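# Give me a model of this one.
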Amino acid sequence: MTDVPQPRGGRLRKRRIQILAWTAVLIPFFAMAILRWDDGLGLDAGDHAHYLLHARALAESRS
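Sure, this is the predicted structure:
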């Protein structure tokens, strides 16, 4: 038996729903990233800030 191809409209509709779902899920994360863009690491970041600053120094070839 051969597979019957799905009508093009069905695949297109499914793809649109997937795109809409991903967009709806990602909007809150992008909104928080934009709102906190200039916040920096802060004094309460602790070890996390230390690791990030060390990684940046290594990436920029500084000791």
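
# which SSE is R62 in?
Using DSSP states H and E, R62 sits in no helix or strand.

# T23 now?
Per DSSP H and E: helix 8-35 holds T23.

# how far away is R11 from L20?
15 Å (CB to CB, to the nearest Å). From N, CA and C alone the C-beta is placed, and that goes for glycine too.

# same question for the helix or strand harbouring L52, mean pLDDT?
Assigned by DSSP H and E, L52 belongs to helix 47-59. What helix 47-59 shows for mean pLDDT is 85.

# Also stretch 14-34?
94.

# hang on, the earlier thing: which positions in the helix holding L52 come out as buried?
Neighbour-count burial for helix 47-59, counted by 16 or more other CB atoms under 10 Å, picks out no residue.

# roughly how far out does that helix sit from the chain middle?
Here helix 47-59 is found 21 Å from its chain centre; the criterion is CA atoms, centre = their mean, to the nearest Å.

# Centre of the chain to the helix holding T23, how far?
12 Å.

# Over to stretch 52-63?
24 Å.

# ok so, going back, could I have the helix holding L52 exported to CSV, CA atoms only?
Provided in CSV are the C-alpha atoms of helix 47-59 (Å, rounded to 0.1, in the frame of the first residue of the first chain):
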residue,chain,number,x,y,z
ASP,A,47,29.5,32.9,42.7
HIS,A,48,27.5,33.2,39.5
ALA,A,49,28.9,36.7,38.8
HIS,A,50,32.4,35.5,39.6
TYR,A,51,32.1,32.6,37.1
LEU,A,52,30.7,34.8,34.4
LEU,A,53,33.4,37.4,34.9
HIS,A,54,36.1,34.8,34.8
ALA,A,55,34.7,33.2,31.6
ARG,A,56,34.6,36.7,30.0
ALA,A,57,38.2,37.3,30.9
LEU,A,58,39.2,33.9,29.4
ALA,A,59,37.2,34.6,26.2
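
# Many thanks, we can stop here.
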